[in-house]
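Chemist: No sequence on hand, only this structure:
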């Protein structure tokens, strides 16, 4: 479907009459409601007019009420808590200021503590990490070790990248750290 001059004129006429985008789409045929809305915005027709021909006015913001001056309390009068004043309503045309959000780095995957891993496995991991290919997330494949090394929030974060062990997501050294036999895990709980 293309927007011919005739179809655009029909769209403009129906939009100014206050017809909905769905009604216009049905009348034109071959277009969706969203296509009509998109065309309306591209044509700059987003300001609707009511059926009376007068533009629809947005409600004007009311000025914030001024707090009244309170008389000074007498020294001998018992003090009473003052009723809380309601906060003035924010004008409709003012958008709140958004606080800047500082993205935090993703948490590291659970790392086994050093006393849970055999010293041989730790030595093997430190040797392997010296030989790591240091690849980025976009370079990972099903054949590369996906073991994260470093803090993801820093520039020097990378993945191991060495060839994976058959059926596992990590290389041989990292499999030894990540996957431990069931019996050793059971023994730790006791």
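Modeler: Nice, thanks for sending it over. The shown structure was predicted, so the numbers you read here are calculated from the model rather than taken from an experiment.
Chemist: for whichever strand or helix holds residue 120, packing partners?
Modeler: Here residue 120 sits within helix 119-131, counting by DSSP states H and E. Here helix 119-131 touches helix 172-178, going by 3 or more Cβ pairs under 8 Å, 6 or more residues apart in numbering; DSSP states H and E. Backbone N, C-alpha and C define where each C-beta goes, glycine included.
Chemist: domain ranges for the chain?
Modeler: Listed by automatic domain parsing, the domain ranges of the chain are 5-43, 114-189.
Chemist: Comparing the ones you listed, which yields the minimum mean pLDDT?
Modeler: Comparing mean pLDDT across these, the weakest is domain 114-189, with a mean of 80.
Chemist: okay if I get the domains of the chain as a markdown table plus mean neighbour count?
Modeler: As requested, these are exported to a markdown table (neighbours: other Cβ atoms under 10 Å):
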| stretch | mean neighbour count |
| --- | --- |
| domain 5-43 | 15 |
| domain 114-189 | 14 |
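Chemist: who touches the helix holding residue 120?
Modeler: Residues from elsewhere that reach helix 119-131 (Cβ atoms under 8 Å, 6 or more residues apart in numbering): 114, 149, 160, 162, 171-174, 176-177.
Chemist: The same query, at a cut-off of 7 Å, please.
Modeler: The contact list for helix 119-131, computed with Cβ atoms under 7 Å, 6 or more residues apart in numbering, reads 114, 149, 160, 162, 171, 173-174, 176-177.
Chemist: Find the pair from those with maximum spatial separation.
Modeler: In terms of Cβ to Cβ, the contacts of helix 119-131 reach their longest pairwise distance at 114 and 162, which sit 21.9 Å apart.
Chemist: Next up, the contacts around residue 35.
Modeler: Residues in contact with residue 35 (Cβ under 7 Å, 6+ apart) are residue 25.
Chemist: Could you shift the numbering so residue one becomes 615, and keep it that way?
Modeler: OK, 615 is where the count begins now, so the last one is residue 649.
Chemist: check which helix or strand covers it.
Modeler: helix 647-657.
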